[in-house]
Structures are given as structure tokens and as C-alpha cells.
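>>> coordinates only, sequence not included:
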């Protein structure tokens, strides 16, 4: 009997995470979009490095952008 109660409590706890209301309010989402929330060790520096490589390395691919260049921008 206690196994059924434990299973029922566990199921209720797991289904509690499936609520309709979002945990993050719309006015709080700007904090999550901040580059500092990235997985990288130094996201600001990584974004700058990616920008430089995208604009100067014509052979670099698979980074989500197209084009090549001479670095003239």
C-alpha cells in the first residue's frame, strides 16, 4: 500500500512541472537573452571572436551565417 502512495505522490510531483503557466514572465526574458547567460566560458569574447571570423574567414562554415569576405566592414 505504501508503494502505491509513494508512486502516486511521485506522479503528482512529476506532473506538477507540466503546468500551463510559464515560470518565466515575459518581462523577465530579457535577462535570459543576455549573452552572459550563454554556455560559453566568456560569452562576450566568444561573440566578438565569432563576429571577426565570420567577416574575415571566407572558408569558415557551419556557423549559421552565409557570405565570405575580405573584412571590409
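Now that the structure is in, tell me what you want to look at. Please read these numbers as outputs of a predicted model, since none were measured by experiment.
>>> all strands of this structure, in order?
In chain order, the chain shows no strands, with DSSP state E as the criterion.
>>> so where's it uncertain?
Regions of the chain meeting the criterion pLDDT under 70 cover residues 35, 38, 57-73.
>>> which residues in it form helices?
Read by DSSP state H, the chain holds these helices, from start to end of the chain: 2-15, 29-32, 43-56.
>>> so which of the ones you listed is the most packed in?
With neighbours defined by mean count of other CB atoms under 10 Å, none of these is more surrounded on average than helix 43-56, at a mean of 13. C-betas here are computed from N, CA, C, even on glycine.
>>> which other helices and strands does that one contact?
For helix 43-56, there is no helix or strand it packs on, judged by 3 or more CB pairs under 8 Å, 6 or more residues apart in numbering; DSSP states H and E.
>>> re the thing from before, any chance of the helices of the chain in a markdown table, with distance to residue 21 too?
Written out in a markdown table, the entries for the helices of the chain read as follows (distance: least, CB to CB, whole Å):
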| stretch | distance to residue 21 |
| --- | --- |
| helix 2-15 | 14 |
| helix 29-32 | 14 |
| helix 43-56 | 29 |
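>>> tell me which of those lies nearest to residue 22.
In terms of CB to CB, the element of the helices of the chain nearest to residue 22 is helix 29-32, at 9.2 Å.
>>> so how far is that closest one from its chain's centroid?
Here helix 29-32 is found 11 Å from its chain centre; the criterion is CA atoms, centre = their mean, to the nearest Å.
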